[in-house]
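A.B. asks: Any chance you could fold what I've pasted below:
(chains A, B, C and D, ligands or ions: 4)
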Amino acid sequence: MEPRVIPNKQEWSWRGFVLQWEWLLVVLILIVFALNASLSEFFLDYGNLRDATMGFLDKAFIVLPMVFIILMGDIDISVASIVALSSVTMADLYSHGMPMEWAMMVCLAVGTACGWINGMLIVKFKELSSVIVTLATMIIYRGIAYILLEDQAAGKFPKWFKFLGWDYVGNIPFILLVFAVFAVAFGWLLHKTAFGRKVYAIGNNATASRYSGVEVDRIKVVVFTLAGFMSAVTALFLTARMGSSRPNIATGYELEVIAMVVLGGVSTAGGKGRMIGAILAVFLIGYLRYGLGLINVSAQSLLIILGLLLIFAVAIPRLKLLRSPVRKA
Amino acid sequence: MSAKIAKFRELGLLVFIVLMSVGVQLRNPSFLTWENINDMITNTAILSILAVGMMLVIVTRGIDLSIGATLALSGMTAALAVSHSPGLSPLAAIGIGTGIGLVCGMALGVLVAWVNILPIIATLGMMNVFRGLTFESSGGKWVSAHQMPDSFKNIATGSLLGINNLIAIAILVYAVAYYFVSHTRTGRRIYAVGSNPESAAVSGIHSARILWLVYTIMGGLSGLAGVLWVSKFASAQGDTASGYELSVIAACVLGGVSIAGGVGKISGIVLGSVLLGILNNALPMIDVSAFWQMFIQGAIILIAVLINALVKRGIDRNNLMRRKI
Amino acid sequence: GKSGNSEGGASPSQAAVSESPSASASASSSESPSGNGGGAKKKFAIIFKNTGNPYGEKMMEGFKKAIEEVGGEAILKAPDQPTAEAQIQMIEELISQKVDSIAIAANDPDALQPALEKAMNAGIKVLSLDSAVNAASRLVHVNQADPERIGRTLIQGVSEMIGGEGEIAILSATSQATNQNTWIEWMKKELEDPKYSKIKLVKVAYGDDLRDKSVSETEALLKSYPNLKGIIAPTTVGIAAAGKVLTDKGLKGKVQLTGLGLPSEMAEYIESGVCQWMYLWNPIDVGYLSGYVADGLVKGTLTGKVGEKITAGTLGEKVVVQDGDGTQIMLGDPFKFDASNITEWKSVY
Amino acid sequence: MAGTEYVLELKGITKIFPGVKALDDVYFKLRPGEIHALMGENGAGKSTFIKVITGVHAPDEGEMFLNGRKVSFRNPTDAKKAGIAAIYQHVTCYPDLSVTENIFMGHEKIAKGTKRILWRDMHEEAGRLLRELGAGFSPKIQMGALSVAQQQIVEIAKALSVDAKIIIMDEPTAALTRSESEELYRIAERLRDQGKSIIFISHRFEDMYRLASVVTVFRDSRYIGTWNVNEISNHDLIIAMVGREISQLFPKKEAGIGEELLRVEGLGRTGYFADVSFTLRRGEILGLTGLVGAGRTEVCQSLFGITRHDKGRIFLKGEEMRVRSPREAMRRGIGYLPEDRQKQGLVLQWAIGRNISLPALEKISGRGALQIRKELEIAKRLAEKVSVKARSVFDLVSSLSGGNQQKVVFAKLLTAELDVLILDEPTKGVDVGAKSAIYEIIGDLACAGYGIILVSSEMPEIIGMCDRVAVMREGRIAAALNREGLTQEAILAASMDDGANSYGQRRAEA
Ligand SMILES: Nc1ncnc2c1ncn2[C@@H]1O[C@H](COP(=O)(O)OP(=O)(O)OP(=O)(O)O)[C@@H](O)[C@H]1O
Ligand SMILES: Nc1ncnc2c1ncn2[C@@H]1O[C@H](COP(=O)(O)OP(=O)(O)OP(=O)(O)O)[C@@H](O)[C@H]1O
Ligand SMILES: [Mg+2]
Ligand SMILES: [Mg+2]
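C.D. replies: Residues are numbered from 1 along each chain as shown, chains lettered A, B, ... in the order given. Ligands and ions are numbered 1, 2, ... in the order given. Model prediction:
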C-alpha cells in the first residue's frame, strides 16, 4: 500500500472570504446607516445612537446562548417567560424587604434554575422535542410569575439599580460594556473551545457525536442553563430600564431573539453559523427599528419591513448564483 | 406493534381527558351538560380546523407561525367585503376569506419549498407581513357587528341538520382530511416527505410541490377559519387571534404529532384539540383564581406529554420483556 | 366609515357636563405665532397603547386636530403590541427627535418612569392621557372620566337594569389592567351601600381583551351562575363579546349587560336591546383636550399645578385638579349610550 | 455495432462534482437477461454511475441509449417509467411509514376512477414479495422498527414491485448474512431467467462468482474493462481493480497474547441479549459473529455505554466497572467503531480533520482553547495512516466514497488511548484494497497490545483474523470456538437454530 500524503494546509480563498454571510449583514448595516442618515437629521448623532443602543441591547443577552441552542438544532421559546419570572421574583423579594443585591442574586439563580429545568426535561425526555418542552415551560414560568405578583407591579428599586439600564461608564452605555464582555466570552466559548466545537458536532449529528465520546446530554443541559442565566441577565437590565416589574414583561421577546439569531446566519438545519453574525443582526435590527422610529414610520409598516427583511436576508444566499461549496462551519 | 403503541397513546390521552372531565364535573355540575358540551365543541371548532393544517405542516417537519396573522388578514378582508356590500352571499364571503388565505399560504409555500427558507423563519417573517397588512387594510379600524349583515353572522350561528355550522364545517374538514391523508397518493406523500426527505427525492416525489401544497392547504384553512372567527365573534380587529398559533401547535403536539416529522394522525389531533378545548372551557368553570389559570394550563400540557412519554416507554419495555431470547 | 370631524367637536360628553361654554377657536390662532421657535413648528407627540385600535385612532385624531389648531406638528405613534417595552423605545425615539411634548396613554403606570423622567430632563413636556403614568413621570394627566364616577355609575346602571336585586358578575380585560382594577375597586365600594344589599357580586372574570377568551369566560359565568342577572364589562372587547354571547344564547332581557364599550362595536346589541345602555367618553375629545394641554405646557401657560386653567378649543375651559400625588384635568362624566343616540354615534367611533 | 443487442448502453459518461471528477469517460453495455457485476475500489465511481443511469445525477458529458434509443432522464421517476429500478447503496427508507408504503412509494396501486389508494391490494402484494424473499415480518409493520438487514430486504422488494426490465443493486449484500444472500441470489437468477437484466455492485467476490456472467471494472473514476467472468482469473481481476498486486489479504500477525483486559459475566439486557460471558486478553482478536439481528451490536453498545445492560458485570483489567456513557467508556479505554458510519460514525457535513479530532478535543485543548495546529497535525498523521483518499484534510467527509468514509471513522478511533477496541463490521462496504489496509491496521493494533473485538458477518474475515470466535444466536452466545477449530461449517452450524450442539460447544475458560 503506497503511503498517501494528505495536506493539512488550507489555501486562502478569496471566494471563500468574500462569500461569508456576515459581509451581507455588514453591508445591510451600512445601507441602514446611510438610509437612516439621509432620512433623519437626528440619526447620525453620537448621543442618539448611543442611547438607541441602550434601548435594544436588553434582549441581545439572550441572543448569545440562543445561538448555541439553535446550532444544536434545538430551540427555546421559554426565554421571555424566564425573563418575566426572574424579574418578578426579584421585584417581589425586594418589595418584601430583601436587600437589592440579594434579590439580584436570586434573580440570576431563578433564571439559571429555569434554564436547568428546561435542559433536564429535554435530556431526560428525548422523545419530546425542545419546542414542546419549552412551549410548556413557557406557559408555566409566566404562570408562576402571575401567581407571584397577581395584578400588582413591584418596583421602587433603589436609585443605583437604575444605573444598569440608563447610565454610562465614561461615555459608553454600561449595558453595552456588559454586552461586549458577554459577547466576547460567548464567542470565545463557541469558536475557540472544545465545548463550542462539540456544540457544532451535536448540531450536525448528535448520534455520531455521542458515539465519539461527546457528552451530548451534559452539553445540552449546560447550554439551556446558560440560556436561563442570560435570560436572567436580560431581566436585570430590562427591569432596571422599566424601574418596576410585572408578570407580562418581555412578551414576545422569544420570537425577536430567534429572528435575530436566524438573520445572523445561524441555521438549525446544519449546525452552521457564527456568533458574530448574530451579534451583527442584533445591531442591524436595532438600528433599523430605531431609524424608522425616528421618521415615525407606523408600527404596521415597521412590521412589514422587518418581516420582509428577515425573508430577503435569508433568501439571498439561497439564490443559485451565490451558492458555493465554500462555507465555513 | 408500533401501531398498537400509537393506539394506546391515544387511549391514554382519552383516559386523561375523561379523568379531567370527571374532576371538573365534581366541582361544577354544569360542566357535563348538553349546553356546555355544545358550547365547548363550538368554541373548539376553529382550533381543530387549524390543527388539521398544522398537522400536515408539522408532518413535513415544518411549522407555521403565521396562521394567526393569516386568519386575521382573511377575516378582516371578508369582513370589509361584507360591510361594503351587505348583499354579498355568505358563501362568497367564505370564498373571499379562504382565497386570501390560500394566496398567503401559496406565498409561504413558495418561500419554504422553492426558496428553501426554514419554515420557522419564513413563517415568522410572513407573520409580520400579514399582520401589518391586516392593519393597513383596515386603516386601524375594526369592523363591528352592526356593519355585518345577518347572513354573514349566521355563518357561525346557523345550523345544518341541527348541527351548528361551525361544528358541521369542522366535521367536513376532518372527513376530507382523513380521506386525503390516508387514501390518496398525495396525502401519503406528505408523510413520505416528512419521514425522509432524501429518499423522497430518490423515489421521484416532488418534495417541493408537496411542501408548497401543505402550506397552501394551511393557508386556505386559516382563511376559512378567519371568516368563521369573524362571523362567530361578529367583529374583525387588526390583532385578531394573535398568538393563536401556539394553541394550535399545542393541540397538535398533545395529539401526538411529532415535531421530527412523518408522524401524526387525524384521530390524535381531534383528541389534542378536545383536550385544549376542555381546558379553555373548564378552567373558568371551576373557579380557580385568574392568576393560577396560566400555570395550570401549562402544567397540564407538560404533564400530559410527560405521562404520554412515560407510558410509551413502559409499553416498549413490556414488549421487550416478552421477547424471547 | 365617515369621519366626523365637526361632530367630534360637538362631543357627547358635553351633553353630560351640565355647563360647558363652547370655546372660541380664535384663541389658539392668535397665540400660535408667538412661539419662540421662529418659523419651525413645535413638535407634539402622542403615543397610544397599540396600533389598530379604533379607540386609540380616534384619540390620536382628536389630538392631531387640536395640534393643528394651535399650529404645531403632531407626531402619532403606537407600537404593534401593547407593551411598556415598546413604548419606552418610542419615547427614546422622540427624545432623539427633540420633540417639545409627549402625551402618552401608558401600557404600564410605573415602567415608563425612567424613560419619561429622561424626557423631562431633556426639557420635553410630558403628560399622560387615558391611562395614567405615575405622578413622578408626568406633569399632568388628562383624565377621560373620574374612575370613582365610572365605577359608581356602572353599579347604579346595572342595579337599575336588574331591578335592584340578583347576582351580578364583572368581565374585565386582563388581571393587570390598572384602569379596570381601579374601576372595579370603586364598583365594590359602591356595592357596600346598603341599598345594594340584595345585589351580589359573584365573580370577577378576566377575558384578557381576547375575543375567544372573553366568550368562554362569559359562557362560564352563565353556566356557573344560572341565576346571574347582570354582567358589567368595563372593557370594549369584553362587552362586545358578552353582547354576542347573550344574543346567540337568546338571553336578551334575562341577563342584563352594561359597561364601557365602543358605540360602533356595541350598536348592534344596544339596538337589539341585549344591552340597554352603556357608557363611554369621547376618545376624540380626550385626544383633543390633551393636544391643548400639551400646547399649554410647551408655551408655559400651564405647569400642571392645581388650580391652573386652560382653554381647550371647542371644549372650553378646564381646571387642573389634584389626583393623588399628582394633578389631572378632567374631561367630564362618562357619556351614556342607549337606543336613542346609538345610531348617531356608531359611525363616529 | 448494432444498437439492438444491448438494453442499455452508456458512452463516454463524465460526471464532475465540485472539485472531484467522479466519472471520467466511462463506457458500459448491458445485454438482456444478463447479470452484470460492476466492481472497483471504494470511490471508483460505481454509485455515482448508478445515479447517472437512474437520473439522480445528470452527466456532464456522454450519452445513454435504452434499447438503442437515446434517452436522458431528468429524475428518478423518468427512469422508473422507462423500466429501471434501483436499490441504492445507502438504504433510503421512510422509517415512520409501513413496509407496504415503503415498497410502493411512488407507484402506489390506486383505483381507476377515484384514485383512491387500494390498501388491501398493496398489503397483499407486499406480503407476497416479502414471502418470496423469505422475510418473516408483516408488511404492515413500521419500517423504522426493522433492522438494517430487514430494511435491505424491503429495498429489494421495492425494486421487484416495479416490474422493471433493468434492476440495479448497489451493494445489496453488504448487510446480509450468507443465508439471506443466498435468498437474494436465487431471486436474482429467477429475474434473469425472466429476461430481466441486473447490474450488481459488490465488493464480495463471492457474489460476483455466484451470480454474474460479465464483470466491468472501474478504477479511479475511469473505465478499465469488461470481461466474461469465466475468462478472467481472480488474480487479474484484483489487479484490474486496485492497479497493483495484493499479496496477502489477511496479514494475520502473531501477537503476543498477554494478560486479561476485559471480562464480561452474564451480561444481559431485557429484550436484546442475555447471559453473555467472554474474556478478552491483551493482543487478542476476539471474533463476534452470527446471523443478522443476533444481538452482536447490542452487546457492543452496552459495553461502550450507549445503552445500559440490566444484568451481569463487566471487569476491565480486573476492576469491575459500570459504563454509563461512551465518554466514560473511552476514558476507561474502550473504543467502538460503529456499524453505521454515516449515522453513528461521522459528521458528514464536516471536513475530514474535524471528524478525526472530535473524540480527542480535550487532548488538543490547551488552557481552555483548541489548538488548531495540533489538531491538523493529528488529523494529517492519522488520515495518512489509514490512507484516506482525499485532496486535503479539509475535504468534506460527505464527498468521500463509502470506503474512504470508513477509513476516517477508523482514524477517529486512533486518537484516543485505548486498551479495548470494539470494531462493528469494520469492513462493511469496503473494497479489497482498503480492506487489506484495515486488516493490516487491526493486526498492528493487536501486536501493539490492544484487545480487539471484531464483529463481522463475513466468514473469511472472521476465520482469517481472529484468535477466538464467539458465535451469537438470538441474543445468546451459542458457541465459543478456538482458532484450531475454526471452520466455516462450525460457525454456520453454531449460528443456525438447532443442531449446533454437535459442534464444539467448548466455552473459552472464563
Ligand atoms: N455528491 C457528491 N459531491 C461530491 N463528490 C461526490 C459526491 N458523490 C460522490 N462523490 C465523489 O465521487 C467519487 C465516486 O464516489 P462513489 O460513491 O461513486 O464511489 P463508489 O465506487 O460507489 O465507492 P464505494 O464502493 O465506497 O461505495 C468519490 O471520490 C466521491 O468522493
Ligand atoms: N430499532 C429496533 N427496534 C426493535 N428491535 C430492534 C431494533 N434494532 C434492532 N432490533 C432487534 O434487536 C436485536 C439485536 O439487534 P442487533 O442490531 O444488536 O443485532 P446484530 O447481531 O448486531 O445484527 P446486525 O448484523 O444487524 O448488526 C435483534 O433481534 C433486532 O431485531
Ligand atoms: Mg458506492
Ligand atoms: Mg450489528
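
A.B. asks: Just give me the neighbour total for residue B:234.
C.D. replies: Residues contacting residue B:234 under the criterion other Cβ atoms under 10 Å in any protein chain shown number 27. Where you see a C-beta, it was placed from the backbone N, CA and C, and this is true even at glycine.

A.B. asks: That one against residue C:267, yeah?
C.D. replies: No - between residue B:234 and residue C:267 there is no contact under Cβ atoms under 8 Å: 11.1 Å.

A.B. asks: Identify the contacts common to the two.
C.D. replies: B:144, B:145 (Cβ atoms under 8 Å, 6 or more residues apart in numbering or on different chains).

A.B. asks: ok, how many other residues are close to the residue of the stretch 201-349 of chain C found nearest ligand 2?
C.D. replies: Going by Cβ to the nearest ligand atom, ligand 2 is nearest to residue C:212 of the stretch 201-349 of chain C, at 42.8 Å. Residue C:212 sits with 21 neighbouring residues when counted by other Cβ under 10 Å.

A.B. asks: so what's it up against?
C.D. replies: Contacts of residue C:212 (Cβ under 8 Å, 6+ apart): B:43, B:233, B:241, B:244, B:280.

A.B. asks: So which of those residues is surrounded by the most neighbours?
C.D. replies: Of the contacts of residue C:212, with other Cβ under 10 Å as the count, residue B:241 tops at 27 neighbours.

A.B. asks: how far away is that residue from residue D:301?
C.D. replies: Distance of residue B:241 to residue D:301, computed by Cβ to Cβ, to the nearest Å: 48 Å.

A.B. asks: SS state for residue D:216?
C.D. replies: Secondary structure, DSSP: H, G, I helix; E, B strand; the rest coil: residue D:216 is strand.

A.B. asks: Report the buried residues of stretch D:8-28.
C.D. replies: D:8, D:9, D:10, D:13, D:14, D:15, D:20, D:22, D:23, D:24, D:26, D:28 (16 or more other Cβ atoms under 10 Å in any protein chain shown).

A.B. asks: Confidence-wise, which of the residues you listed comes last?
C.D. replies: Ranked by pLDDT, these bottom out at residue D:20, which scores 70.

A.B. asks: Just give the nearest non-adjacent residue to that one, would you?
C.D. replies: residue D:399 (6.2 Å; Cβ to Cβ, 6 or more residues apart in numbering or on different chains).

A.B. asks: repeat for residue D:125
C.D. replies: In space, residue D:125 is closest to residue D:161, 6.9 Å off (Cβ to Cβ, 6+ apart).

A.B. asks: Got phi/psi on that neighbour?
C.D. replies: Note on residue D:161: backbone dihedrals following degrees, to the nearest 10 are phi -70, psi -20.

A.B. asks: The spatially closest residue to residue D:256 that is not a sequence neighbour: how many residues sit nearby?
C.D. replies: Of all residues beyond its chain neighbours, the one nearest residue D:256 is residue D:283 (5.5 Å), with distances taken as Cβ to Cβ, 6+ apart. Per other Cβ under 10 Å, the neighbour tally for residue D:283 reads 22.

A.B. asks: Over to residue D:283. Which of the three states is it?
C.D. replies: Relying on three-state DSSP, one would call residue D:283 coil.

A.B. asks: residues touching it, list them.
C.D. replies: Counted by Cβ under 8 Å, 6+ apart, residue D:283 has contacts D:255, D:256, D:257, D:258, D:446, D:447, D:449, D:450, D:451.

A.B. asks: Could you rerun that using 6 Å?
C.D. replies: When contacts are counted by Cβ atoms under 6 Å, 6 or more residues apart in numbering or on different chains, residue D:283 touches D:255, D:256, D:257, D:258, D:446, D:449.

A.B. asks: Any regions of chain B where pLDDT drops low?
C.D. replies: Filtered on pLDDT under 70, chain B yields the residue ranges B:1-8, B:322-325.

A.B. asks: Is the closest residue to chain C within it in a helix, a strand, or coil?
C.D. replies: Going by Cβ to the nearest Cβ, chain C is nearest to residue B:238 of chain B, at 2.9 Å. Secondary structure, three-state DSSP: residue B:238 is coil.

A.B. asks: Would you confirm that it contacts residue B:134?
C.D. replies: Yes - contact criterion Cβ atoms under 6 Å: residue B:238 and residue B:134 qualify, at 5.1 Å.

A.B. asks: mind listing the strands for the stretch 301-450 of chain D?
C.D. replies: Ranges of strands in the stretch 301-450 of chain D, per DSSP state E, counting those that start in this stretch, are D:311-316, D:319-321, D:334-337, D:365-366, D:369-370, D:420-424.

A.B. asks: Where does the prediction get shaky in the stretch 151-300 of chain A?
C.D. replies: A:268-270.

A.B. asks: ok, the residue lying closest to residue D:487 once chain neighbours are set aside - how many residues close by?
C.D. replies: Nearest non-adjacent residue to residue D:487, counting by Cβ to Cβ, 6+ apart: residue D:463, 7.4 Å away. Neighbour count for residue D:463, taken as other Cβ under 10 Å: 21.

A.B. asks: Roughly how far does residue D:463 sit from chain A?
C.D. replies: Applying Cβ to the nearest Cβ, to the nearest Å, the value for residue D:463 to chain A is 23 Å.

A.B. asks: How about residues contacting the host helix or strand of that residue?
C.D. replies: Element membership for residue D:463 (DSSP states H and E) is helix D:459-465. The contact list for helix D:459-465 (Cβ under 6 Å, 6+ apart) reads D:250, D:285, D:287, D:289, D:456, D:469, D:486, D:488.

A.B. asks: Please apply the same query to stretch D:354-367.
C.D. replies: A:194, A:197, A:201, A:212-213, D:346-347, D:370-371, D:374-375, D:379, D:382, D:397, D:408, D:411-412, D:415-416.

A.B. asks: which among those residues end up buried?
C.D. replies: So, by 16+ other Cβ under 10 Å, the buried ones in the contacts of stretch D:354-367 are A:194, A:197, A:201, A:212-213, D:346-347, D:370, D:375, D:379, D:382, D:397, D:408, D:411-412, D:415-416.
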